[in-house]
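> below is the sequence, then the predicted model.
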Amino acid sequence: MIRTDNLTKRFGSVTAVDGLTLDVPEGSVFALVGPNGAGKTTAIKTVLNVLRPTSGRAEVLGTDSRRLSPKELACIGYVSENQMLPDWMPVGYFLSYCKKFYPTWDDSLLAALVHLYDLPLDRKLRSLSRGMRMKAALASSLAYRPRLIVLDEPFSGLDPLVRDELIESILERAAEATVFISSHDLTEIETFASHIGYLDRGRLQFSEEIGALLDRFREVEVTLDRPAEMPREWPSRWLNPEQSSVVVRFTDSGFSPDSTEEEVRRLFPGVREITMRNMPLRSVVVALSKSAREN
């Protein structure tokens, strides 16, 4: 649904997106994550041709993003953290206005979304809370059943109840659409994303199924019989090593139950105990960020 090849976007001497090569499979819920300033919003805007790429290319729905026509745009739903809405319009008028642009607009689906979100149709957009404005924007982007839903930090600053309502409605649409979402809310992302890409300083560090990612990361703690020096032959996949007396800790980014234990015992003579713990997505991303910063 989205494919990029060495996509790059520069602003003067600043490279915001650096050689992004990415595939978003059809039917996936693909999360693009990374620290603030990593280039997530710029990447999305460049993919959708809101910003013109400096070099490289992107395809959306099989079409070069620089040649997206109204036909393709009518199949894309887009909601961003800083969505600009016509504040003078009442909610009901705004939704009626949007309807005219989309041949596949579904009035029954819109009615269900208005009910789910408890949208006040007679109130002007300018008078709504941030959460309600996000609901109105999302309703206007889901009512025409887009094939691709693009969401840029949609949960930022929202209370937990509003986030849950938005996630529920997005997941209901995910059965018939591909969702591409950027967020730094990793706890929420882990509950529903099928694929994840990690962006750091404009560069994609990895892109894979979230299940496979969590399977290959472990927090390892090694307890020794006596204090020992850290081995010189340190595997590159072992990140962020720490040592305190007889305890050594690190993150294994290429975990295998047998080979990890075998390598630990080879590098550390006198191992008393090895503990290997599963890591939530947030801990994985923190470990990667820390490793990238130190390197």
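Perfect, I can see it now.
> all strands of this protein, in order?
For the chain, strands defined by DSSP state E occupy the ranges 2-11, 14-24, 29-33, 55-60, 63-64, 76-80, 148-152, 178-182, 195-200, 203-209, 218-224, 238-244, 247-252, 271-278.
> the last one vs strand 247-252, what angle?
For strand 271-278 against strand 247-252, the angle by axes from the mean of the first three to the mean of the last three CA atoms, to 10 degrees is 40 degrees.
> quick one: strands adjacent to strand 271-278?
Here strand 271-278 is paired, per DSSP bridges, with strand 218-224 (antiparallel).
> contacting residues around F94?
Contacts here follow CB atoms under 8 Å, 6 or more residues apart in numbering; on that basis F94 touches 85-86, 125, 136, 140. For glycine as for every other residue, the C-beta is placed from the backbone atoms N, C-alpha and C.
> of those, which is the nearest to R249?
The nearest member of the contacts of F94 to R249, counting by CB to CB, is A136 at 47.3 Å.
> the spatially closest residue to the closest one that is not a sequence neighbour: neighbour count?
Closest residue to A136 apart from its sequence neighbours, by CB to CB, 6 or more residues apart in numbering: V91 at 5.4 Å. V91 is flanked by 25 other residues according to other CB atoms under 10 Å.
> is the residue nearest to D122 when sequence neighbours are not counted in a bridge, and if so with what?
Among residues not flanking D122 along the chain, P90 sits closest, at 5.7 Å (CB to CB, 6+ apart). Beta-bridge partners for P90, by DSSP bridges, are K124.
> residue contacts, P90?
Residues counted as contacts of P90 (CB under 8 Å, 6+ apart) are 121-125.
> in JSON lines, list these along with pLDDT, neighbour count and distance to L110.
Below are the contacts of P90 laid out as JSON lines (pLDDT from 0 to 100; neighbours: other CB atoms under 10 Å; distance: CB to CB, whole Å):
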{"residue": "L121", "pLDDT": "96", "neighbour count": "13", "distance to L110": "11"}
{"residue": "D122", "pLDDT": "95", "neighbour count": "8", "distance to L110": "16"}
{"residue": "R123", "pLDDT": "96", "neighbour count": "14", "distance to L110": "17"}
{"residue": "K124", "pLDDT": "96", "neighbour count": "15", "distance to L110": "19"}
{"residue": "L125", "pLDDT": "95", "neighbour count": "18", "distance to L110": "16"}
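> coming back round to it: if you rank the contacts of F94 by neighbours, which is first?
The most crowded member of the contacts of F94, judged by other CB under 10 Å, is A136 (28 neighbours).
> wait, I76 touches L142, no?
No - in this structure I76 lies outside contact range of L142 using CB atoms under 8 Å: 11.6 Å.
> give me the common contacts of these two.
Contacts common to I76 and L142, judged by CB under 8 Å, 6+ apart, are I149.
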